[in-house]
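Asks: following is a predicted model, sequence given first.
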Amino acid sequence: MRLMETSHHYVPLERFSPEEAGLRRAKVREKLKKIAPDASGLLVFSRLNIYYLTGTMACGLYWLPLEGEGALLVRKGRERARMESPLGNIAVYRSFREVTGLLSEAGCPPGELVAAEMGGLPWDMANLLQSRMTGIRFVPGDNALRLARAVKTARELTLLREAGRRHGEALGVLLPEVISPGMTEREIARRCVDIMLDLGHGGLMRMSAPGEEIFYGHVAADDSGNYPHYYNGPMGFRGEHPALPCLGGDTVWRPGSPLTVDMGFCFSGYVTDKTQCFWAGNRSTLPDAARAAFDLCCEVQSRAAESLVPGNSPSSIWREARERVLKTSFRNGFMGLGENAVPFLGHGLGLAIDEHPVIAEGFDAPLEEGMVIALEPKIGIPGFGMVGLEDTFEVTKTGARVLTRSTPEGQMIFLDN
């Protein structure tokens, strides 16, 4: 029997709205005028930024001219791109030699000076691009994307609020019901992953920094919270293996020891960050030093959250927090013990877990309404482990709005056998 030839009509999972696409193009262009005022447009290469501007996770490049919708050139997957993106100009290319001609055919030829997302291509590919697109001079344009993405649209805020709601339920409500002292980090991580997948976690966390990777997050029992690591964060962890330093290993969460769960949540591509601290025992068994360190972290986060208002600078929030802790006996463990220490209190969130701005020295531009920022004060205690908390906040006109909170004031959760 011969199979009948039929045409397939696929329905996209989601189609990016023209209005949202136009709003994001305008945001990037506004920043581009300040970053590279003489550039004729911006060439975008990373899939994450292509998605941000077009609504499809294409492999290729997107040309954003100073006017019009621009053009998306893909190596493969034009059919899917046309389903998901409202762009009218979507074409296939095989070589960088074709780019200038294809953009001209689309009615948006690049000028002699082009801003480029230089972090979106490896060195060898960037050299190849410049050798093929002759007669064009390239200048950095990455910061236009970084600054535009820092202030979320209404649609992005809706997704981040929902991610935060599910995130808080996962770590603060559901996880305590299925874990107990005596379990290994790996067992706890698996329970957490199961819960998050059931709540709609997309199964993938993304990072912007070159070479950085993350898979859900990390679980640290006992003194694993101070274990040496390479990751750009304060919490130590052993992980699965040197080649897979993520989730958790065979360390057992013993009675009378801390457990720190730093696991992100991804909903429709947007991520929130949260750390929940547990204690294996009742309140009376928590050592005084650990209680004091955790209370200090809560105080630091609360004061920093009060300062998350438009007009304040991230650097001033960092300095205030650091100066507060430097007056205490916990100054050597603040934001990581020893070489694990990091010089920041928090970071922006969105399509990636490491977005602009960073609550750190040097970030002096004022906060803006619509930014979404994680605050993660943590303290490493030698021979004991790590205590602290992390929540994701939205910057509003009237102050910070917590998105991931499920326990009052981010309290530690006590679990006894």
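Replies: Good, I have the coordinates. Numbering: from 1, shown residues only.

Asks: ends of stretch 129-137, what's the gap?
Replies: End-to-end distance for stretch 129-137: 11 Å, by Cα to Cα, to the nearest Å.

Asks: in space, what's closest to Tyr216 - neighbours in sequence excluded?
Replies: Met263 (5.3 Å; Cβ to Cβ, 6 or more residues apart in numbering). Yep, even glycine has a C-beta here, placed from its N, CA and C like the rest.

Asks: name whatever forms a beta bridge with that neighbour.
Replies: Beta bridges link Met263 to Gly217, judged by DSSP bridges.

Asks: check the gap between it and Arg190 for me.
Replies: Met263 is 12 Å from Arg190, where distance means Cβ to Cβ, to the nearest Å.

Asks: higher neighbour count, those two?
Replies: Neighbour totals were compared for Met263 and Arg190, and Met263 leads with 27 against 16 (other Cβ atoms under 10 Å).

Asks: for the more buried one, give its distance to Met57.
Replies: For Met263 relative to Met57 (Cβ to Cβ), the value is 23 Å.

Asks: next: Ser257.
Replies: 42 Å.

Asks: quick one: which of those two has more around it?
Replies: Ser257 (21 against 14).

Asks: now the more buried one. Nearest residue, chain neighbours left out?
Replies: Nearest to Ser257 is Asp222, by Cβ to Cβ, 6+ apart, at 4.4 Å.

Asks: so what's the gap between the strand or helix carrying Val114 and the chain middle?
Replies: Val114 is part of strand 113-116, with elements assigned from DSSP states H and E. Distance of strand 113-116 from the chain centroid (Cα atoms, centre = their mean, to the nearest Å) equals 26 Å.

Asks: do the same with stretch 238-258
Replies: 23 Å.

Asks: for the spatially closest residue to Val252 that is not a sequence neighbour, give its distance to Leu375.
Replies: In space, and not counting its chain neighbours, Val252 is closest to Thr184: 5.5 Å by Cβ to Cβ, 6+ apart. With distances taken as Cβ to Cβ, Thr184 is found 29 Å from Leu375.

Asks: neighbour count for those two, which is higher?
Replies: Higher neighbour count among Thr184 and Leu375: Leu375, with 28 against 16, using other Cβ under 10 Å.

Asks: right, and the more buried one touches Asp391 too?
Replies: Yes - contact criterion Cβ atoms under 8 Å: Leu375 and Asp391 qualify, at 6.4 Å.

Asks: now do the shared contacts for these two.
Replies: Gln301 (Cβ atoms under 8 Å, 6 or more residues apart in numbering).

Asks: surely Arg166 is in a helix?
Replies: Yes - judged by DSSP: H, G, I helix; E, B strand; the rest coil, Arg166 forms part of a helix.

Asks: what's next to stretch 284-300, contact-wise?
Replies: 256, 258, 277, 279, 321, 324-325, 328, 330, 333, 345, 377-379, 381, 384, 387-389, 409-412, 414.

Asks: just the buried residues of the residues you listed.
Replies: 258, 277, 279, 321, 324-325, 330, 333, 345, 377-379, 381, 384, 387-389, 410, 412 (16 or more other Cβ atoms under 10 Å).

Asks: in the stretch 251-400 of the chain, where is pLDDT below threshold?
Replies: Within the stretch 251-400 of the chain, no stretch has pLDDT under 70.

Asks: now the helices for it?
Replies: 288-306, 314-326 (DSSP state H, counting those that start in this stretch).

Asks: nearest to Glu105, out of the ones you listed?
Replies: helix 314-326 (44.0 Å; Cβ to Cβ).

Asks: check which helices and strands the closest one sits against.
Replies: Contacts defined by 3 or more Cβ pairs under 8 Å, 6 or more residues apart in numbering; DSSP states H and E place helix 314-326 against helix 288-306, strand 344-348, strand 355-360.

Asks: what's in contact with that helix?
Replies: 296, 299-300, 303-304, 307-308, 331, 334, 344-345, 357-365, 367, 377, 379.

Asks: just want the angle from it to strand 344-348.
Replies: 150 degrees (axes from the mean of the first three to the mean of the last three Cα atoms, to 10 degrees).

Asks: helices of the stretch 101-250 of the chain, start to end?
Replies: Taking DSSP H, counting those that start in this stretch, the helices of the stretch 101-250 of the chain run over residues 123-132, 142-150, 154-169, 185-198.

Asks: give me whichever of those is most buried.
Replies: Counting by mean count of other Cβ atoms under 10 Å, helix 142-150 has the highest mean neighbour count of those, with a mean of 22.

Asks: now the nearest residue to His229 once chain neighbours are set aside: how far from Thr251?
Replies: Nearest residue to His229, sequence neighbours excluded (Cβ to Cβ, 6+ apart): Gly236, at 5.4 Å. Here Gly236 is placed at a distance of 11 Å from Thr251 (Cβ to Cβ).

Asks: now Lys76
Replies: Taken as Cβ to Cβ, the span from Lys76 to Thr251 is 43 Å.

Asks: okay, these two: which has more neighbours?
Replies: Taking other Cβ under 10 Å, Lys76 and Thr251 do not tie; Thr251 has more neighbours (20 against 11).

Asks: wait, isn't that one in contact with Ala221?
Replies: Yes - in this structure Thr251 lies within contact range of Ala221 using Cβ under 8 Å: 4.9 Å.

Asks: what touches both of the two?
Replies: 184-185.

Asks: end-to-end on stretch 88-107?
Replies: 11 Å.

Asks: off-centre distance for that stretch?
Replies: For stretch 88-107, the distance to the chain centre is 31 Å (Cα atoms, centre = their mean).
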